[in-house]
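[1] Predicted coordinates and the sequence they were generated for:
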Amino acid sequence: MSMRTVKLVVAASIGLALGATTARADDAATANAKLNLVAKGGMRKMGGYRPQLLKMSADKPEGLKKAPNLAAPLYGAIEFGGAPHLVVLDEPDGKNATLYVDANGNGDLTDDPATKWDKRELKMPDGKTLYQYMGEFTLPLGAGDKPEMVSLGAYRFDKNDPQRAQLKDTFLYYADYAYEGDVTLGGKTYHALLTDDLASGDFRGSKKEGAGGSGVRLLLDLNGDKQFNPRGEMFDAAKPFNIGGTSWKLADMTAGGQFKIAKSDVAVAEVQPPPDHSVGKKITPFKATRMDGTAVSFPADYKGKVVMLDFWATWCGPCMGEVPGLVKTYNEYHPKGMDILGISLDQPNAADKVKSVTADKGMTWPQVYDGKFWKAEVADMYAINSIPAAFLVDGDTGEILAAGNDLRGDNLAESVKKALAKKTEPK
């Protein structure tokens, strides 16, 4: 889709914390939203987190005015919403650790909301036992007499873990809050999140160079698959983004997460989100050339079949670990109507290796290999970002019958068996 330059037009003023909504009659220029604060549980909604590292010290800070009895404390401070909040880990040898957070910022650790700090025991191969702690605490988001208390997740690795020696004095935490709701752009409405990835309590984000962006993102479920994909559905709140051919931007962002949506006077290219390839949806068709030089049209060439589209590579250990079970399943069910088309994500100039490995391992089904590694054309079209990845497809309808873990290990044969049985059922 071609880019076009547009003049700056404020299309909506959105008070996210209040859930206010405004709109314009001209759908083509409309940008409106209704987002409400999710004080806890935001991490799962956004599908991940960006851990923040807080260096702890045995030196008692001057700002600490009152504390419970501490046996072996480490001290630190989190800057949240423009104010410092003391963090104390009390870690006496042979006893459970305790987490204290000065949520109200008054230097008194005895009058704050309770924290959660649970111990997890890890048995190591050498017989030693390590202890990892995980928990949560709350801090105030926004200004005023009654700011909203929001949740932050936290964890700490065992200070005696030799594999993580560099983190022995480090407390890790992340945002578990977000704004959630709907955003309408150009007349279309999308499920949305506004996230504070830096867990700073300030939605204006970071302006430091090399910070990996502002740290505040707008997430939009453009393809309706109830997920937020890094490609085409996650946008830095400090940069313009293109939806449906129109470039937009978030303007006048406040620390508490209120902003305006405006048309951007800087045009940017639209990045298409990945297709929705969940079970029950239709697979995206494509044409390619197999390694034997013949053309393939997927799934059109597999009428009457149940076909597995398998993304893999010879350099991928988990992929090769699946091969014995895959070969066994193929040999058993190929005569009954199952087929496989492999999509190799091997690197350039690896055609001979792909042919050698498939021959040695008994992978007799055809392969598509273009030597483009992670940018292999079919893999890029499908937004494949980890392998092995596979889809079991009805060759007649293009419907996705199974995917993910249902096509790995012992689940593979059962999934194929069920798909073939369903296909042969009387209509």
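    Arrived safely, thanks for sending. Numbers count the residues shown, from 1 in each chain.

[2] make it CA atoms for all contacts and neighbour counts henceforth
    Noted.

[3] What segments of the stretch 201-350 of the chain are helices?
    Here the stretch 201-350 of the chain has its helices, by DSSP state H, counting those that start in this stretch, at 317-333.

[4] Go ahead and confirm Met134 touches Leu99.
    No. Using CA atoms under 8 Å, Met134 is not in contact with Leu99; the gap is 10.0 Å.

[5] list residues touching both of the two?
    When contacts are counted by CA atoms under 8 Å, 6 or more residues apart in numbering, Met134 and Leu99 are jointly contacted by 116-117.

[6] between the two, who's got more neighbours?
    More crowded of Met134 and Leu99, by other CA atoms under 10 Å: Leu99, with 21 against 16.

[7] What average pLDDT does whichever strand or helix holds that one get?
    Using DSSP states H and E, Leu99 falls within strand 98-101. Mean per-residue pLDDT for strand 98-101: 98.

[8] Direction included, what does that strand pair against?
    Here strand 98-101 is paired, per DSSP bridges, with strand 83-90 (antiparallel).

[9] Could you list the low-confidence segments of the stretch 1-150 of the chain?
    For the stretch 1-150 of the chain, applying pLDDT under 70 flags the ranges 1-29.

[10] quick revisit: and the strand holding Leu99, how far from the chain's centre?
    Computed by CA atoms, centre = their mean, to the nearest Å, the chain-centroid distance of strand 98-101 equals 29 Å.

[11] Need the residues that contact it.
    85-91, 109, 112, 115-117, 137.

[12] switch the cut-off to 7 Å
    Residues outside strand 98-101 that contact it (CA atoms under 7 Å, 6 or more residues apart in numbering): 85-91, 109, 115, 117.

[13] what's the farthest-apart pair in those?
    Within those, two members stand farthest from each other by CA to CA: His85 and Glu91, at 19.4 Å.

[14] Which one of the two is surrounded by more residues?
    Neighbour comparison, His85 and Glu91: the larger count goes to His85, with 21 against 17 (by other CA under 10 Å).

[15] In this structure the more buried one contacts Asp108, no?
    No. With contact defined as CA atoms under 7 Å, His85 does not count as touching Asp108 (10.3 Å).

[16] which neighbours do the two share?
    Residues touching both His85 and Asp108 by CA under 7 Å, 6+ apart: Asp102.

[17] Do you have the strands of the stretch 151-300 of the chain handy? List them.
    Counting by DSSP state E, counting those that start in this stretch, the stretch 151-300 of the chain has strands at residues 170-175, 178-185, 188-196, 216-220, 234-236, 241-243, 246-251, 259-263, 286-289, 295-298.

[18] right, and these - which one's nearest Thr358?
    Smallest distance to Thr358 across those (CA to CA): 17.1 Å, for strand 286-289.

[19] for that closest one, packing partners?
    If contacts are counted by 3 or more CA pairs under 7 Å, 6 or more residues apart in numbering; DSSP states H and E, strand 286-289 sits against strand 295-298.

[20] One more pass at 10 Å, please.
    Counting contacts by 3 or more CA pairs under 10 Å, 6 or more residues apart in numbering; DSSP states H and E, strand 286-289 packs against strand 295-298, strand 367-369, helix 377-381.

[21] Can you report how many residues neighbour Gly107?
    Neighbour tally, Gly107, other CA under 10 Å: 20.

[22] which residues of the stretch 1-150 of the chain fall in helices?
    42-46.

[23] where along it do the strands fall?
    9-14, 31-38, 52-55, 73-80, 83-90, 98-101, 116-123, 129-141, 148-156.

[24] pLDDT below threshold where in the stretch 201-350 of the chain?
    For the stretch 201-350 of the chain, the ranges with pLDDT under 70 are 208-212.

[25] Grab the most central residue of the chain for me.
    For the chain, the residue nearest the mean C-alpha position is Gly47 (4.1 Å; CA atoms, centre = their mean).

[26] so who does it touch?
    227-229 (CA atoms under 10 Å, 6 or more residues apart in numbering).

[27] Might one say that Phe391 is in contact with Val279?
    Yes. In this structure Phe391 lies within contact range of Val279 using CA atoms under 10 Å: 8.6 Å.

[28] The two - which one has more neighbours?
    Counting neighbours by other CA under 10 Å for Phe391 and for Val279 shows that Phe391 has the greater number, 23 against 16.

[29] three-state assignment of that one?
    Following DSSP: H, G, I helix; E, B strand; the rest coil, the label given to Phe391 is strand.

[30] nearest residue to it other than its sequence neighbours?
    Spatial nearest neighbour of Phe391, chain neighbours left out: Ala403 (4.6 Å); criterion: CA to CA, 6 or more residues apart in numbering.

[31] Could you give the number of residues near that neighbour?
    20.

[32] any idea how far it lies from Leu54?
    Here Ala403 is placed at a distance of 39 Å from Leu54 (CA to CA, to the nearest Å).

[33] do Thr115 as well
    Per CA to CA, Thr115 is found 17 Å from Leu54.

[34] Identify the residues contacting the nearest residue to Leu198 once chain neighbours are set aside.
    Of all residues not flanking Leu198 in the chain, Gly215 sits nearest, at 5.4 Å (CA to CA, 6+ apart). Residues near Gly215 by CA under 10 Å, 6+ apart: 50, 195-200, 202-207, 236-238.

[35] Show the buried residues in those.
    Neighbour-count burial (16 or more other CA atoms under 10 Å) applied to those gives 195-200, 202-206, 236-238.

[36] Nearest to Lys287 among the residues you listed?
    Out of the buried ones among the contacts of Gly215, the member with the shortest distance to Lys287 (by CA to CA) is Asp236, at 34.2 Å.

[37] any idea how far Leu152 is from the closest one?
    Using CA to CA, Asp236 is found at 21 Å from Leu152.

[38] same question for stretch 176-186, mean pLDDT?
    95.

[39] on that earlier part again, tell me which of the strands of the stretch 151-300 of the chain lies nearest to Thr314.
    Judged by CA to CA, the one of the strands of the stretch 151-300 of the chain that comes nearest to Thr314 is strand 286-289, at 19.1 Å.

[40] What are the buried residues along that closest one?
    Neighbour-count burial for strand 286-289 [16+ other CA under 10 Å]: Ala288.

[41] Residues in contact with that strand: which ones?
    For strand 286-289, contacts defined as CA under 10 Å, 6+ apart pick out 294-301, 367-370, 377-378, 381.

[42] how about a cut-off of 7 Å?
    Residues outside strand 286-289 that contact it (CA under 7 Å, 6+ apart): 295-298, 368.
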